[in-house]
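**Q** Generate coordinates for the sequence data below:
(2 chains)
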2 protein chains.
Amino acid sequence: MAKVKKAPRPKAQTPKGFRDYFGSEVSERAEMLRAIAGVYHRYGFEALESSAVETVEALGKFLPDVDRPNEGVFAWQDEDEGWVALRYDLTAPLARVYAQHRNDLPTPYRRYAMGPVWRNEKPGPGRFRQFYQCDADTVGTGSVAADAEICAMLADTLEVVGIPRGDYLVRVNNRKVLNGILEAAGLDGQDKAHERGIVLRAIDKLDRLGKDGVAALLGKGRQDNSGDFTSGANLSADQAEIIMRFVNASENITQKLNEIAGESFGLSIKVFEDAAQKPSEGSFEPAGNSLDALEYEVWNGAVLDYLSELVEDSKVGQEGVDELRQIENLLAAQGYFADRIRLDPSVVRGLGYYTGPVFEAELTFEILDEKGRKRQFGSVAGGGRYDDLVKRFTGQAVPATGVSIGVDRLLAALREKGRIGGSVQGPVVVTVMDRDRMADYQTMVAELRNAGIRAEVYLGNPKNFGNQLKYADKRNSPVAVIEGGDEKANGVVQIKDLILGAKLAQEATLEEWKERPSQYEVPRGELVAKVKEILSQWA
Amino acid sequence: MAKVKKAPRPKAQTPKGFRDYFGSEVSERAEMLRAIAGVYHRYGFEALESSAVETVEALGKFLPDVDRPNEGVFAWQDEDEGWVALRYDLTAPLARVYAQHRNDLPTPYRRYAMGPVWRNEKPGPGRFRQFYQCDADTVGTGSVAADAEICAMLADTLEVVGIPRGDYLVRVNNRKVLNGILEAAGLDGQDKAHERGIVLRAIDKLDRLGKDGVAALLGKGRQDNSGDFTSGANLSADQAEIIMRFVNASENITQKLNEIAGESFGLSIKVFEDAAQKPSEGSFEPAGNSLDALEYEVWNGAVLDYLSELVEDSKVGQEGVDELRQIENLLAAQGYFADRIRLDPSVVRGLGYYTGPVFEAELTFEILDEKGRKRQFGSVAGGGRYDDLVKRFTGQAVPATGVSIGVDRLLAALREKGRIGGSVQGPVVVTVMDRDRMADYQTMVAELRNAGIRAEVYLGNPKNFGNQLKYADKRNSPVAVIEGGDEKANGVVQIKDLILGAKLAQEATLEEWKERPSQYEVPRGELVAKVKEILSQWA
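**A** The predicted structure follows:
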């Protein structure tokens, strides 16, 4: 018989681009998603959890010319089903679900979904191939009231999870306005698809490229720092000017308003203060920007005028401006003013499938970047109207609109704000002084747990008592309980206040140390009461 | 130019064996998992969410002789990582995580995990290729206190999610006892692996095959109803007798106790009643079995005696019996008696990797099967000690023990008990009588939502009012709000109590109908108060 070759040990590693989440990383996310689900529920949305695996054709990533259709997705060939893949977002599955179950679902169908999605992309720092999304969509209505509702819900959501008013802005634009501007610039029509693509991508990258970069891409093209050259759209000067008037919209509007006001807009007009929405209890911090209610009205009005002029006589463009006006009116009626939700021509949203209003939630407070420079935290959610996704399946256009929250970025923001990520309290640890009396120790933890206290017996090798305390330290335990032979004989237990102990060790003088014992001897019957007392001090 | 062939429409379907979960299916599961996480947390366990994708070698499913190592798992070849696959359970990833992060994790490491797992198996009715598991494990301790703790936690968990005491049993056995019995029957040793496999599988299938079926498999073999023949272990009569004494353990023990007691055991001895654990508040229903505290003591003692005799002088067998005795003592010290956690020789657990105590949670209440016959609900969770999983990675044995809850089965059980699955109340629907006054309607829902009431404006085509009420019906809405032109002019709104309306439509006589209006006209300013009043009646 041939000698069986022993298989080498497997490597204990996640595949590249994947990671594990531990302890509070998991529970903090779960709590945040639960809070978000609460808001979505109050708005009438229903939960949906679709299959993680879809047929490649349903995902719309089917590439008939390549052997493996796994560009961007993780795909494999199923014996019965052909090519299937992990979902790369929650919107494509929604379109499939709605098409499949449309006879049973209410119309409009408001649904929310939260869960992991997978992308077959090169991983990088902070860029994973599995991450969470949290979406809400309304399928089956073309009413802009649905878009306005999503924007209002997004603002509520951010406040509920712990982003104070003034620290975020939901910025709203409309693809139709953009289409109108492209039309005004003579870039409509099938034959201009290539140029349109370059222009849209350039505008979407304004933040990164700056105005000069965008202008370069409207013309011959742009060389980046690495020396790579990106071909431009080769627009004429007139065409480029229209686009750049759009790119410069915010600046131009501000300048115009300042001319009218005679002094710096944003500091002068203070009339409608009473009309401003009062901040909800507990969530208010000084606003990150100084516009007040009338100024918001003036701002939104000026944006609508500016855009209306810019799209000239483009029908789709004027329709887009009109939709923005409606959205603004609907939101104002519900008390959402431009301190929370604001018209902003610079919002483009990269994805090709948007057909109407688009929105983006941006956190406006500053953080330090890797190089120690201040910058705004930036986008945490985005979405818009997409009217053609369901049509792929049914042939019938089904209007839809929705938003996707970047769960990891929002968690990072909450960490920045100190809303989560404080040190998490570990369990009370009952130490083991006598291996044979394990039942006694288990009885203690049972009593503690029945009183609602997180507690456990040390289950490692009890021989070295120091290791037990090291374990308690690693678990961030607030209290250790000790019952040796003497204590047992005297009917008492020792209770160590580990938090106080750590503080004293760091700060106290020898005298203070002696005066403030961090260890207490109490009768066995008072175990639970004493532990409760200590915990209440550190709650 | 060649004509571009239009791609056919994709089918709107989940791949076979996959499904979507809607509304309360999602939220009920989320609530149940949250409740379970609460118990696990109180026991000192930490959350872990490992990557859904693992290298095939880490999963331990690597089959070097086949082209695709996807037997049982969904696998694909990654450009950089080689073969990777979706996790098929939460235990294999735990072993990888512990091996990878062992220097940073506390020892023992108590962790819980909940999430989907994927199996590449033929789907069948009620058998899906993606489903949820919910696990808790303690890694890094060989102490049977860890096993006892898992059993206690499992009992607590079942009660917290809504299975009343008396409706479940955690049954405990020990693989070492089984090994001892195999040794006593001369089935230990490398050369008997084949026979051992047949015997273990036969015992594990006792429920399905019956005793005759098991006996047949110990001998020459067994022909099933379809005519298929399964080869047996060809044991001698003496060998088979030892195994069958194990299979018949419960029956033999009961009989022996009855002989001693002189009358039917289970009805006679009523002494230790006071010692029985008092049920925790709100969770008690009449016990599903009639043993009392002393009888449990007697029972467990008799089981230990019987098993001790059966394993004869097998060292590992006696070790197993001793571990069971320790587990029982630890549990009794914490107030867990055999009405909740019971020694039971019939528990085997199929998986090959168990090395010590094994346990299974069974729901003991009866349901009707597909054919209308009564049967016990059966197993909802199981687990045990596995000491070799981490060793695959590190070469060092790391003892571990844990339990996995079958999330879907437990949800089904809660549905059977009426704990979940009642009709879920939909949102209050504000109808649209005048498309141009959408802002008014949005203001109403904003008021309702701010009062914590789930509410939405009808966003479909408002032309047909009947469709709006049909929508409210489909959403299970409790209340519809109507404000037409007349109401607006008079400063009032109409509020329809849809639940009362539905009741009246079904039950009421014409007179009752007239006397109990289900629609109220109230001043606009009293909208929220009136809706609250109606909802409070149906809460």
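**Q** Do a quick rundown of the helices in the stretch 151-300 of chain A.
**A** A:175-184, A:193-204, A:206-218, A:237-247, A:249-261, A:293-310 (DSSP state H, counting those that start in this stretch).
**Q** Mind putting those helices into CSV with distance to B:Cys151, mean pLDDT and mean neighbour count?
**A** All C-beta spots, glycine's among them, are computed from the backbone N, C-alpha and C. Output for those, formatted as CSV (distance: least, CB to CB, whole Å; pLDDT from 0 to 100; neighbours: other CB atoms under 10 Å in any protein chain shown):
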stretch, distance to B:Cys151, mean pLDDT, mean neighbour count
helix A:175-184, 59, 92, 25
helix A:193-204, 57, 87, 18
helix A:206-218, 57, 88, 16
helix A:237-247, 66, 92, 18
helix A:249-261, 64, 81, 15
helix A:293-310, 61, 83, 19
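**Q** In TSV, list the ones you listed along with distance to A:Arg102.
**A** Formatted as TSV, the helices of the stretch 151-300 of chain A follow (distance: least, CB to CB, whole Å):
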stretch	distance to A:Arg102
helix A:175-184	25
helix A:193-204	31
helix A:206-218	38
helix A:237-247	38
helix A:249-261	39
helix A:293-310	35
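**Q** A:Gln376 bridge partners, please.
**A** When bridges are called by DSSP bridges, A:Gln376 pairs up with A:Glu366.
**Q** I figured A:Asp188 hits A:Leu182, correct?
**A** Yes. Between A:Asp188 and A:Leu182 there is a contact at 5.9 Å, judged by CB atoms under 8 Å.
**Q** and chain A, what are its domains?
**A** Under the assignment automatic domain parsing, the domains of chain A span A:146-386, A:428-538.
**Q** ok, of the ones you listed, where does mean pLDDT dip lowest?
**A** With a mean of 82, domain A:146-386 has the lowest mean pLDDT of the domains of chain A.
**Q** Measure how far it is from the centre of its chain, please.
**A** Computed by CA atoms, centre = their mean, to the nearest Å, the chain-centroid distance of domain A:146-386 equals 20 Å.
**Q** ok, back up a step: which of the domains of chain A sits closest to B:Ser308?
**A** domain A:428-538 (20.7 Å; CB to CB).
**Q** And that closest one, how far out from the chain middle?
**A** 40 Å.
**Q** That one and chain B in contact?
**A** Yes. Domain A:428-538 comes into contact with chain B (CB under 8 Å from any CB of the partner chain), by way of A:429, A:438-440, A:442-443, A:445-446, A:449, A:452-457, A:459-460, A:471, A:474-475.
**Q** same thing with stretch A:37-52?
**A** Yes. Residues of stretch A:37-52 contacting chain B under CB under 8 Å from any CB: A:37, A:41-44, A:46-52.
**Q** Could you list which of the residues you listed belong to helices?
**A** A:37, A:41-42 (DSSP state H).
**Q** How many residues are close by A:Leu90?
**A** 26 (other CB atoms under 10 Å in any protein chain shown).
**Q** So it is in contact with A:Asp135, correct?
**A** Yes. Between A:Leu90 and A:Asp135 a contact is recorded at 4.4 Å, counting by CB under 8 Å.
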